[in-house]
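Visitor: I'd like to go over a predicted model; first the sequence, then the structure.
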Amino acid sequence: MSITFIASSKLPTPFGVFTMSGFEDSANGKEHVALSMGDVADGEPVLARAHSECLTGDALFSMRCDCGYQLEEALRAVAEAGRGVVLYLRQEGRGIGLLNKIRAYHLQDQGADTVEANEQLGFGADMRDYSMCRPMLDHLGIHAIRLMTNNPRKVKALSEAGVEVVERVSLQVGRNPHNDGYLNTKASKLGHYLPQSANGIVTHQDDDIADSTGEQS
Ligand SMILES: Nc1nc2c(ncn2[C@@H]2O[C@H](COP(=O)(O)OP(=O)(O)OP(=O)(O)O)[C@@H](O)[C@H]2O)c(=O)[nH]1
Ligand SMILES: [Zn+2]
């Protein structure tokens, strides 16, 4: 993995003015972005989100997933704290790409769940790679984070990449009738920490790191 910092600029948003830093992965041409705010290089743990691209949720207002809601909440939380970072990672569709995600959605429209659809297309349930995060954070002077996520695999992947995750901060927003089944599948098949739904999904507890959610059982 070869990540190169390219340029930075201001990015005004409804939540506040972020610094946008652009990075290129020369191995595959992917362009990743970090939106940061405040003094993130002071050595204290930084409120952070590693957000995987979801064109449909992040830009097209899709209610099939929770991505857009999570992105908005993460940016708002960073702005309210006055300090933090959102890494926007270009690994659409859990790494299978936009067009394959649309193929997967087509299968889901016919009854498959999100994991089954990936598998029917010949992909793993989650093809993502988080190795770009460490060099992006290093560039910003960030070495310890409070990670906003419900995904235990993401915590593990970042930790294994050498990022110190001192706390997992729950990011449960945007549940609606269109994504209820999707969120239940994430909890039951992918291990996400999400609350019990009407379908009786059992949530999991992560004992390894501090957890700020409180509501998990
Ligand atoms: N293949 C596939 N990808 C999806 C689907 N729904 C959302 N995605 C992608 O999944 C990624 C987001 O992953 P999620 O599983 O929603 O959440 P997460 O990042 O694992 O966990 P959080 O940090 O809690 O958000 C984005 O890249 C989306 O484009 C789907 O049905 N199939
Ligand atoms: Zn999404």
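Guide: Structure received. Ligands and ions are numbered 1, 2, ... in the order given.

Visitor: every contact and neighbour count from this point should use C-alpha atoms.
Guide: Will do.

Visitor: quick one: contacts for the residue positioned nearest the centre of the chain?
Guide: With distances taken as CA atoms, centre = their mean, His51 lies nearest the centre of the chain, 3.0 Å away. Neighbouring residues of His51 by CA atoms under 8 Å, 6 or more residues apart in numbering: Leu71, Val86, Leu87, Tyr88, Leu89.

Visitor: name the element it belongs to?
Guide: strand 46-52 (DSSP states H and E).

Visitor: tell me what whichever helix or strand comes after that strand is packed against?
Guide: Past strand 46-52, further along toward the C-terminus, the next helix or strand under DSSP H and E is helix 67-81. Packing contacts for helix 67-81, counted by 3 or more CA pairs under 8 Å, 6 or more residues apart in numbering; DSSP states H and E, involve strand 46-52, strand 84-89.

Visitor: tell me how far the last one lies from the chain's centre.
Guide: Read that as strand 84-89. Strand 84-89 has its C-alpha centroid displaced from the chain centroid by 9 Å (CA atoms, centre = their mean, to the nearest Å).

Visitor: immediately after that strand, which helix or strand?
Guide: helix 98-109.

Visitor: show me what that next one packs onto, helices and strands only.
Guide: Counting contacts by 3+ CA pairs under 8 Å, 6+ apart, helix 98-109 packs against helix 114-120.

Visitor: quick one: is the helix it packs on near ligand 1?
Guide: Yes: Helix 114-120 lies within reach of ligand 1 by CA under 6 Å from any ligand atom, at Thr114, Asn118.

Visitor: look up which helix or strand Ile142 falls in, please.
Guide: Counting by DSSP H and E, no helix or strand carries Ile142.

Visitor: what's the neighbour count on it?
Guide: When neighbours are defined as other CA atoms under 10 Å, Ile142 has 24 of them.

Visitor: hang on, isn't it packed against Ser36?
Guide: No: using CA atoms under 8 Å, Ile142 is not in contact with Ser36, being 10.6 Å away.

Visitor: out of the helices and strands packed on helix 67-81, nearest to ligand 2?
Guide: strand 46-52 (8.4 Å; CA to the ion).

Visitor: give me the sheet partners of that closest one and which way each runs.
Guide: Looking at strand 46-52 with DSSP bridges, its partner strands are strand 84-89 (parallel), strand 144-148 (parallel).

Visitor: tabulate the ones you listed in TSV, adding columns for distance to Asp25 and mean pLDDT.
Guide: Formatted as TSV, the strands paired with strand 46-52 follow (distance: least, CA to CA, whole Å; pLDDT from 0 to 100):
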stretch	distance to Asp25	mean pLDDT
strand 84-89	11	98
strand 144-148	22	98
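
Visitor: with distance to Lys30 and mean neighbour count added, can I get the ones you listed in JSON lines?
Guide: Below are these laid out as JSON lines (distance: least, CA to CA, whole Å; neighbours: other CA atoms under 10 Å):
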{"stretch": "strand 84-89", "distance to Lys30": "9", "mean neighbour count": "24"}
{"stretch": "strand 144-148", "distance to Lys30": "23", "mean neighbour count": "23"}
